[in-house]
Every structure is written in C-alpha cells, then in structure tokens.
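> curious how this folds, go ahead:
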Amino acid sequence: MRQLTVTIPDDFYETFVSFFKHIPDVSIDENIENEIPLWQQEMVLERMKNAKPEDYTDADEALKSLKEKYGF
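Prediction:
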C-alpha cells in the first residue's frame with residue numbers, strides 16, 4: 001500500500017474526500033493541527049494588499065535591531 005499527501009483547494013475538499021471514502025481499504029487522516037483558519041488567511045492577504053513598502057523591514061536589519069536591543 002502507498003501513502004499520498006495532497007494539497008487541494010478548500011472548495012474542492014468535500015468532493016475529493018467523498019470520492020475516496022467509497023474506495024475499500026482507503027483511510028483518510030486529516031491533519032488539521034497545522035491548518036490555518038480561512039479567516040486568518042484572509043486577514044493576512046488583506047494586510048499584504050494594504051501594506052506599503054515602508055511598512056516592511058529587512059530581515060537582517062530586524063535581527064541586528066533585536067540583537068542590539070536584547071543583547072543576543
């Protein structure tokens with residue numbers, strides 16, 4: 001038997017699962033522990049859409065600032 005990991009759009013999920021539930025010896029294990037809720041995905045996308053270039057900080061500069069502030 002083989003194992004397969006699949007990423008599918010949310011709106012296709014029910015159709016996908018219902019198809020595979022009818023196949024003998026198929027088990028579906030949902031890993032929802034790392035799933036990001038749809039409301040949170042939408043919030044992040046909205047923030048990204050409204051962000052200005054000056055809102056971003058270079059990663060190296062951010063690490064340097066943290067090291068200086070907290071003495072890492």
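
> look up how far Leu63 lies from Glu14.
Per CB to CB, to the nearest Å, Glu14 is found 43 Å from Leu63. Using the backbone N, CA and C atoms, a C-beta is placed for each residue, glycine as well.

> how about Tyr70?
Distance from Tyr70 to Leu63, counting by CB to CB: 11 Å.

> give me the most central residue, the chain.
Nearest to the mean C-alpha position of the chain, by CA atoms, centre = their mean, lies Ile36 at 5.2 Å.

> show me the contacts for the residue nearest to Lys21 when sequence neighbours are not counted.
The spatial neighbour of Lys21 that comes closest, neighbours along the chain excluded (CB to CB, 6 or more residues apart in numbering), is Ile28 at 6.9 Å. Residues near Ile28 by CB atoms under 8 Å, 6 or more residues apart in numbering: 17, 20-21.

> helices of the protein, start to end?
13-21, 38-50, 59-70 (DSSP state H).

> mind checking pLDDT for Arg47?
At Arg47, the model reports a pLDDT of 93.

> for it, grab the count of nearby residues.
When neighbours are defined as other CB atoms under 10 Å, Arg47 has 10 of them.

> check the gap between it and Phe12 for me.
Taken as CB to CB, the span from Arg47 to Phe12 is 26 Å.

> do Leu4 as well
Distance from Leu4 to Phe12, by CB to CB: 16 Å.

> who has more neighbours, those two?
Just comparing Leu4 and Phe12: by other CB under 10 Å the higher neighbour count belongs to Phe12, 9 against 5.

> that older thread, which of the contacts of Ile28 count as buried?
Using 16 or more other CB atoms under 10 Å as the burial test, the contacts of Ile28 include no buried residue.

> mind giving me TSV with the residues you listed and columns for pLDDT and distance to Asp55?
Shown next, in TSV, are those (pLDDT from 0 to 100; distance: CB to CB, whole Å):
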residue	pLDDT	distance to Asp55
Val17	86	39
Phe20	84	43
Lys21	83	45
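
> more neighbours, Glu14 and Leu63?
Per other CB under 10 Å, whichever of Glu14 and Leu63 has more neighbours is Leu63, with 12 against 9.

> residue contacts, Asn31?
Contacts of Asn31 by CB under 8 Å, 6+ apart: none found.
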